[in-house]
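Asks: Have a look; sequence and predicted model below, questions after that.
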Amino acid sequence: MKFAVIPTAGERECLADCLAAIGPQVDRVFVIDNSVDKRIRRASSLIRRQDPGSTHVIHDPSKPPNLSRLWNLGLDAAFLCAGEEHHVAVLNDDAIVPYDWFETVTNQMAATGAVAGCSGPVSVMHTRPGPVPLETRMTGWAFILDGRAELRADERLQWWYGDDMLDWTARKRGGMVMTGIVPAAQNLFPNGSMTPELHAQAARDAQTFRDIWGMTPW
C-alpha cells in the first residue's frame with residue numbers, strides 16, 4: 001500500500017495544495033494535526049470532499065511540537081494498516097510534489113534496493129552515514145520510506161536533524177536514493193514556522209545529533 005504522512009498546525013492554506021498533489025498518488029493520507037483546537041481549519045473543506053476513507057486526521061496538540069513524534073504517529077498508523085509491505089511519503093504541509101513523484105521515487109528505490117528516497121537536482125545513492133554535498137542529502141520536506149525497514153524518527157530530535165537521522169540510518173540499512181526529477185518536490189516556505197523557542201530547540205538538536213554520530217551533516 002501507499003501512504004502519506006503530513007504534520008500540520010492546521011492554519012496554512014498550502015496544506016490544501018499539498019493534499020491535492022499527493023492525495024491521488026497514494027491509498028491513504030494521515031494528517032497529523034498539531035493545532036490546539038482539534039480541527040484542520042484551512043483544509044477542512046478539501047478533506048471533506050475527498051473519499052472519507054482516504055484521509056484520516058490524527059490529533060496531537062502537544063506544544064512545542066515534536067516533529068519526530070508527529071512523523072512517528074503517521075508511520076505507526078501506516079504500519080498498523082499494512083504491516084511491512086508499504087511505502088510512506090513524509091511531507092511538510094508546504095510541500096508540493098509533481099503528479100508522478102511517488103511512483104518515480106519508489107521505482108528508483110526498488111531498482112537500487114534503497115529503503116529511503118527523495119527527489120532532487122541529481123540522481124545519486126548514499127550508503128554510508130556522513131556529510132555529503134547538501135544538495136544531495138535527503139530532502140526533509142518530502143521523502144519516502146520503505147515499510148520493510150521499519151524506520152522511525154528519533155524523538156530526541158524534536159525539530160531539526162530528525163530527517164538527517166532517518167537519512168543516515170537508512171543508508172546503513174540499504175541506502176538512501178535521490179532521483180533527479182524536474183520539477184522536484186517544492187518546499188514553499190522553508191523554515192517558515194521558526195520561533196525563538198524552536199531556534200533554541202534546533203540548537204539542542206544539533207548537539208544531540210553530534211553526541212550520537214560524532215559529527216553533524218553540515
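Replies: Sure thing, it's come through.
Asks: Name the next helix or strand downstream of the worst-scoring helix or strand of the chain on mean pLDDT, please.
Replies: Of all regular secondary-structure elements in the chain, judged by mean pLDDT, DSSP states H and E, the least confident is helix 44-49 with a mean of 56. Once helix 44-49 ends, the next helix or strand along the chain (criterion: DSSP states H and E) is strand 55-59.
Asks: CA atoms only for that following strand, dumped as PDB, please.
Replies: Provided in PDB are the C-alpha atoms of strand 55-59 (Å, rounded to 0.1, in the frame of the first residue of the first chain):
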ATOM      1  CA  THR A  55      -7.800  10.900   4.500                       C
ATOM      2  CA  HIS A  56      -7.500  10.500   8.300                       C
ATOM      3  CA  VAL A  57      -6.700  13.100  10.900                       C
ATOM      4  CA  ILE A  58      -4.700  12.200  14.000                       C
ATOM      5  CA  HIS A  59      -4.700  14.900  16.600                       C
END
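Asks: buried stuff in it?
Replies: By neighbour count with 16 or more other Cβ atoms under 10 Å, strand 55-59 contains the buried residues 55, 57, 58, 59. No exception for glycine: its C-beta is placed from N, CA and C like everyone else's.
Asks: On the C-terminal side of that strand, identify the next helix or strand.
Replies: Next along the chain after strand 55-59, taking DSSP H and E as the criterion, comes helix 67-82.
Asks: Mean confidence (pLDDT) on that following helix, please.
Replies: The average pLDDT within helix 67-82 is 96.
Asks: Indicate each strand paired with the helix or strand just after that helix and its parallel or antiparallel sense.
Replies: Proceeding N to C from helix 67-82, the next assigned helix or strand is strand 87-91, under DSSP H and E. Looking at strand 87-91 with DSSP bridges, its partner strands are strand 2-8 (parallel), strand 142-146 (antiparallel).
Asks: Tell me how many other residues surround residue 177.
Replies: As a burial measure, residue 177 scores 27 neighbours (other Cβ atoms under 10 Å).
Asks: Please apply the same query to residue 113.
Replies: Residue 113, neighbours per other Cβ under 10 Å, totals 12.
Asks: Disregarding residues adjacent in the polypeptide, which is nearest to it?
Replies: Nearest non-adjacent residue to residue 113, counting by Cβ to Cβ, 6 or more residues apart in numbering: residue 174, 5.4 Å away.
Asks: Ok, residue 108 next?
Replies: Nearest residue to residue 108, sequence neighbours excluded (Cβ to Cβ, 6+ apart): residue 179, at 4.4 Å.
Asks: Next, the angle strand 142-146 makes with the helix or strand hosting the one you found.
Replies: For residue 179, the enclosing helix or strand under DSSP H and E is strand 176-180. Orientation check (axes from the mean of the first three to the mean of the last three Cα atoms, to 10 degrees): strand 176-180 against strand 142-146 gives 130 degrees.
Asks: partner strands of strand 176-180, parallel or antiparallel?
Replies: Each strand paired with strand 176-180, and its direction, by DSSP bridges: strand 116-120 (parallel), strand 124-126 (antiparallel).
Asks: Select, out of these, the one closest to residue 108.
Replies: strand 116-120 (6.0 Å; Cβ to Cβ).
Asks: Need the CA coordinates for the closest one. PDB is fine.
Replies: As requested, the backbone C-alpha atoms of strand 116-120 are provided in PDB (Å, rounded to 0.1, in the frame of the first residue of the first chain):
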ATOM      1  CA  ALA A 116      14.500   5.700   1.700                       C
ATOM      2  CA  GLY A 117      14.200   8.000  -1.300                       C
ATOM      3  CA  CYS A 118      13.500  11.600  -2.400                       C
ATOM      4  CA  SER A 119      13.700  13.800  -5.400                       C
ATOM      5  CA  GLY A 120      16.300  16.400  -6.200                       C
END
